[in-house]
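> starting from these lines, generate the structure:
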Amino acid sequence: MATKQVNNSRKAGLLVKFGLDTTYEYIKNNIGAQDNSKWYDYLYKIIENDALSVLSEYKLQKADKDDIIQNAQLSVTRYLVSFVLKSSEYSVYQRNAWLRKIIKSRINDFFREKSRQYLQPVDEAAKALIIQPASANFTDLADEQAYFEEQLIGAIERVCSINTTPEKIIAFLLNRVSGSIELSRKNGSPKDVAKMINGKAIDEAFQILKMKLCCILSVSVPDSALYELIKKIDDDTSGSRVGSFIISITPRSIADSSYWISRKLNKEIREDIKQL
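The predicted structure is shown next:
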């Protein structure tokens, strides 16, 4: 009966959702089948449709979307047995939420990987200090997500501690994380960042940065990670540049300071490695 209902839904344009009892029973009854290629194709199509719905909110190349979808499909396969065993009493909403959580986690992974390309040094020795080693193996989705959030927040803390002016740190993060990811440009977009923060008060630019970090990286960055940047802003607005000063920065200055900060990060991390 479950198979028939699933097939009927397929003809109707895949209106069935992952969490429906019919779909759950179909998966449970076929998960151990010797020839499971057909139901996997169907399951993967459901995942693809839901992922495309989520991905419609992001400005990404088709190839990037395809990679995210494929990774989501592989993750569902990886966790499917444990999900079936524990979700018999789940509601439709809870099952759908489980799938959506995996999809969003894979989207987060994509943006984290992009952010590493712009926040982290190029040399492999430095990468080994702050990026998950290939041998790491997560069996729980929540543990995996928590680990990568910790790594990303640590990278942001390191940038905020660089000894330079707060507007340059804000511009660097927007250029290397926000601008680069949104526009899929390796070197960021200094012109767009300049338009974003020029003429803004420093505290307003800081709020723009927090919003972008949250929206683009899908991670809520705590104020503790931005403490050194907040301190620089407070020191500037109560010291030599009294008041909420207005930012004036050129695209060339953003590009130059981004290059300088990247080199500074490289040097600091190499020094950390020497002390290990």
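> CA atoms for contacts and neighbours, from now on please.
OK.
> end to end on stretch 211-222, go ahead and measure it.
With CA to CA, to the nearest Å as the measure, stretch 211-222 spans 12 Å from end to end.
> going forward, the N-terminal residue is numbered 15.
Renumbered: residue one is now 15, and that last one reads stretch 225-236.
> model confidence over that stretch, on average?
What stretch 225-236 shows for mean pLDDT is 73.
> next: stretch 84-92.
87.
> what does stretch 125-144 give?
50.
> the helices in the protein, which residues?
16-25, 35-44, 51-69, 76-100, 106-133, 138-144, 155-174, 180-187, 194-197, 204-211, 216-231, 241-252, 265-288 (DSSP state H).
> any chance of the ones you listed in a markdown table, plus mean neighbour count and distance to residue 259?
Listed next are the helices of the chain as a markdown table, based on neighbours: other CA atoms under 10 Å; distance: least, CA to CA, whole Å:
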| stretch | mean neighbour count | distance to residue 259 |
| --- | --- | --- |
| helix 16-25 | 14 | 59 |
| helix 35-44 | 17 | 58 |
| helix 51-69 | 16 | 38 |
| helix 76-100 | 16 | 39 |
| helix 106-133 | 19 | 27 |
| helix 138-144 | 14 | 35 |
| helix 155-174 | 17 | 19 |
| helix 180-187 | 25 | 10 |
| helix 194-197 | 19 | 26 |
| helix 204-211 | 19 | 12 |
| helix 216-231 | 18 | 6 |
| helix 241-252 | 17 | 7 |
| helix 265-288 | 16 | 18 |
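> what pLDDT does residue 37 get?
At residue 37, pLDDT is 81.
> what does residue 244 give?
Looking at residue 244, the pLDDT reads 91.
> look up how far residue 234 lies from it.
When residue 244 is compared with residue 234 (using CA to CA), they lie 16 Å apart.
> so who does residue 33 touch?
Counting by CA atoms under 8 Å, 6 or more residues apart in numbering, residue 33 touches 105-110.
> pLDDT weak spots in this structure?
Scanning the chain for pLDDT under 70 picks out the ranges 15-30, 46-51, 126, 128-162, 191-202, 230-233, 250-258, 282-290.
> show me it divided up by domain.
Per automatic domain parsing, the structural domains of the chain span 16-133, 143-288.
> got the contact list for residue 268?
182, 185-186, 189, 204, 208.
> repeat the analysis, applying 6 Å as the threshold.
By CA atoms under 6 Å, 6 or more residues apart in numbering, residue 268 lies in contact with residue 204.
> count of neighbours near residue 238?
By the criterion of other CA atoms under 10 Å, residue 238 has 11 neighbours.
> show me what contacts it?
Residue 238 neighbours (CA under 6 Å, 6+ apart): none.
> what about it, distance to residue 218?
18 Å.
> please apply the same query to residue 65.
34 Å.
> and what of residue 183?
Applying CA to CA to residue 183 and residue 218 gives a distance of 14 Å.
> likewise residue 228?
For residue 228, the distance to residue 218 - CA to CA - is 16 Å.
> and for residue 170?
From residue 170 to residue 218 the distance is 19 Å (CA to CA).
> swap in residue 127?
Taking CA to CA, one finds residue 127 at 28 Å from residue 218.
> residue 166 now?
Counting by CA to CA - residue 166 and residue 218 are separated by 23 Å.
> and for residue 271?
20 Å.
> same check on residue 100?
Taking CA to CA, one finds residue 100 at 46 Å from residue 218.
> what's the answer for residue 97, then?
44 Å.
> ok, residue 59 next?
For residue 59 relative to residue 218 (CA to CA), the value is 43 Å.
> try residue 277
Residue 277 is 28 Å from residue 218, by CA to CA.
> now do residue 32
Distance from residue 32 to residue 218, by CA to CA: 42 Å.
> now do residue 74
27 Å.
> ok, residue 102 next?
Per CA to CA, residue 102 is found 49 Å from residue 218.
> residue 81 now?
Taken as CA to CA, the span from residue 81 to residue 218 is 35 Å.
> same thing with residue 182?
Distance from residue 182 to residue 218, by CA to CA: 14 Å.
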